[in-house]
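Asker: Structure for this input, please:
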Amino acid sequence: MASQAFLLGASITVAAIWLTVTFIRYLLSTQRPKDFPPGPPTFPGLGNLHQIPLKLPFIKFQEWSKTYGDIVGLKLGSNNLIVLHNPEHMHELFEKRSAIYSGRPYAYIPVEHVYQEHKDKHIINLQNTPYLRKWRANVAYLVSTAGIRQNMPIQEATAATLVNKLLQQPSSPSDCFDHFKYWALATPLLAISGQRLEDHGKTFTDRFCTAQQKWVEILEPGTAPLATFFPPLRWVPERFSGWKKKARYVREYMIDEYFSLVESAKKFCISPDNGGKPKGKSGYDTGRFRCVLTRILEEVAERKGKGQENQLLSTDAEIAYVGGGLLDAAVDTTLATFTSLIMFMAAYPEVQAKACEEIHRVSPDKPPGANVAGQLPYVQACVTEIIRLRPPVPSGLSHLAERDDVFMGYKIPKGTSVLANAWAIHQNTDDFDHPEEFRPERYLQNPVGIKPDAKNSFERRRPTYTFGAGRRVCPGTQFAENAVAMAISKVLWAFKIVAPEPLDLSLETGFHSGLVTTPNPFKVDFVLHDEARKESVVLDHKETSAALEQIGI
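Answerer: Numbers count the residues shown, from 1 in each chain. Modelled structure (predicted):
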């Protein structure tokens, strides 16, 4: 008995020592590492977690940058986070050192409960591997000159449909926003898979919106499940875990709809009247429209014959997650940009008047199309300015340092997450005159919008930093900007946007900010410039729809 008691006591002592050592190690891990970038003081066990607001954290990061400098170091429990506030630093790390800073931090719920066996295929979770390079090679057509030119008829047609819907004079803000959502989904859906949204009906749209909402609730810091931070909660059964039900819904949506995108795309590259066999140049019917996924399918088939299929994504699952990931990313950011632009056009009637004057001068008799898009520099400046002023993704997604590094004298340990605070970069008074105001003229005076004596002026500076940089830059940026410019041009050709009541432009109170920053519902009226334009709007809708039919859509 005595020996058993001794062994029990020894075991308890060893366990107590182990727990104590583990706890002390954890407490030490929540302190700032040696030579880490400066930041606010940490609290044992939490680091800086208790100081970071769940809503609008990028504003707090900006405040800290004024105290600690352009490179702010934070501790999220035992994890390291660095927030960049200088575009040149962003260029240096994400572009020049992209071999180090192109990974993604591990996210338990998306990886284990949503992606599962496809965890290495979705763009949000793609790591810095050869697979990422394959992914980028496959979507390169989207940003090519040929790809941009091919997508213009799509953007014209969906924009014309939007304006035609607005002729119905929505009776409530929700009606107006429904039209915007339809346009934001219909445009990339056509370009990516060749599918017309109207062919799916309301069920598809509702399911997409529901899945997106549940997906956001899983990912947003303010609504993310506690299981993200407290591992024991991951073992709670699904019937008691709402987040598991949400994750399952999103997963089932992805499996069903992502693969349907591929099946739709195949119709544009395989001829049914030829026994299901390819025909035409490189084995394909070249007379029909070929969307992004069709192009991928074509190239895969062509390279298989040359033994080069390992250079591209090749399975239906890989291609499906390319299309689905692009669609998910495109809809919310495009919608956020467009609705913000509508709001600010109503709030700044003098800007709206200048844009209308340019549009009516260039295209006096009918809504503007792709043939005059390059002749509307002020409209394009308006689009760029709203992306700067109300970036849809203010701080982007985290990059991961995949090995130890040193930058500006600071040590960046392997495994550190690195964010670029685009909001702060766009609001820097050293670079922009009155950055809090909606001033499209700044992009006519300077292609990157900054003042002549800007502090952060350098050769590779970009007009905005909303859509990332380096290997993780969004490939659909120009597609989205062109779509917004086309839509706002057609809207302003037909309508004057009028706010019947004051609009809340404040980021803190007038916008919802999570993964994507979008305006809260607001009321505006679309007033025809004159009744004669009504007939032209209807005709534009018919002609642009007919143009799609001519290319096989």
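Asker: in the stretch 201-350 of the chain, which spans are strands?
Answerer: In the stretch 201-350 of the chain, no segments count as strands under DSSP state E, counting those that start in this stretch.
Asker: Which stretches in it count as helices?
Answerer: Assigned by DSSP state H, counting those that start in this stretch, the helices in the stretch 201-350 of the chain fall at 202-219, 242-253, 259-266, 292-304, 316-347, 349-362.
Asker: element containing Phe432?
Answerer: Using DSSP states H and E, Phe432 is not contained in any helix or strand.
Asker: Tell me, how many residues neighbour the nearest residue to Asp35 once chain neighbours are set aside?
Answerer: Leaving aside its chain neighbours, Asp35 sits nearest to Lys411 (4.2 Å; criterion: CB to CB, 6 or more residues apart in numbering). Using the backbone N, CA and C atoms, a C-beta is placed for each residue, glycine as well. Residues contacting Lys411 under the criterion other CB atoms under 10 Å number 15.
Asker: Would you mind identifying the next helix or strand past the one helix or strand Lys411 maps to?
Answerer: Assigned by DSSP H and E, Lys411 belongs to strand 410-412. Note on strand 410-412: by DSSP H and E, the next helix or strand toward the C-terminus is strand 417-420.
Asker: Of all the residues in that following strand, which ones are buried?
Answerer: Of all the residues in strand 417-420, those buried under the rule 16 or more other CB atoms under 10 Å are Ser417, Val418, Leu419, Ala420.
Asker: and which of those residues is nearest Thr161?
Answerer: Ala420 (35.5 Å; CB to CB).
Asker: Okay, and the beta partners of that closest one?
Answerer: Leu84 (DSSP bridges).
Asker: Met152 is nearest to which of the helices of the stretch 201-350 of the chain?
Answerer: Proximity to Met152 (CB to CB) singles out helix 292-304 among those, at 14.5 Å.
Asker: Spit out the contact partners of Arg248.
Answerer: His113, Glu238 (CB atoms under 8 Å, 6 or more residues apart in numbering).
Asker: Run a quick neighbour tally on Tyr108.
Answerer: For Tyr108, using other CB under 10 Å, the count is 13.
Asker: From Thr334, how far out is it?
Answerer: Distance from Tyr108 to Thr334, counting by CB to CB, to the nearest Å: 29 Å.
Asker: Could you do Ile488 as well?
Answerer: With distances taken as CB to CB, Ile488 is found 12 Å from Thr334.
Asker: and if you look at Gly449?
Answerer: Counting by CB to CB, the gap from Gly449 to Thr334 is 21 Å.
Asker: Next: Leu515.
Answerer: Leu515 is 14 Å from Thr334, by CB to CB.
Asker: just Gln168 next, same as before
Answerer: Counting by CB to CB, the gap from Gln168 to Thr334 is 22 Å.
Asker: Same check on Glu217?
Answerer: Distance from Glu217 to Thr334, by CB to CB: 21 Å.
Asker: How about Lys66?
Answerer: Distance, Lys66 to Thr334, by CB to CB: 32 Å.
Asker: out of these two, which sits in the busier spot?
Answerer: More neighbours surround Thr334 than the other of Lys66 and Thr334, with 24 against 11 (other CB under 10 Å).
Asker: was I right about the more buried one contacting Lys181?
Answerer: No. Look at Thr334 against Lys181 with CB atoms under 8 Å: they stay out of range, at 10.3 Å.
Asker: in the stretch 351-500 of the chain, which spans are helices?
Answerer: Under DSSP H, counting those that start in this stretch, the stretch 351-500 of the chain gives helices at 377-389, 422-426, 442-445, 477-494.
Asker: need the contact list for the spatially most central residue of the chain.
Answerer: The residue lying closest to the centre of the chain (CA atoms, centre = their mean) is Ala329, at 4.4 Å. Applying CB under 8 Å, 6+ apart, we find Ala329 in contact with Ile123, Cys474, Gly476.
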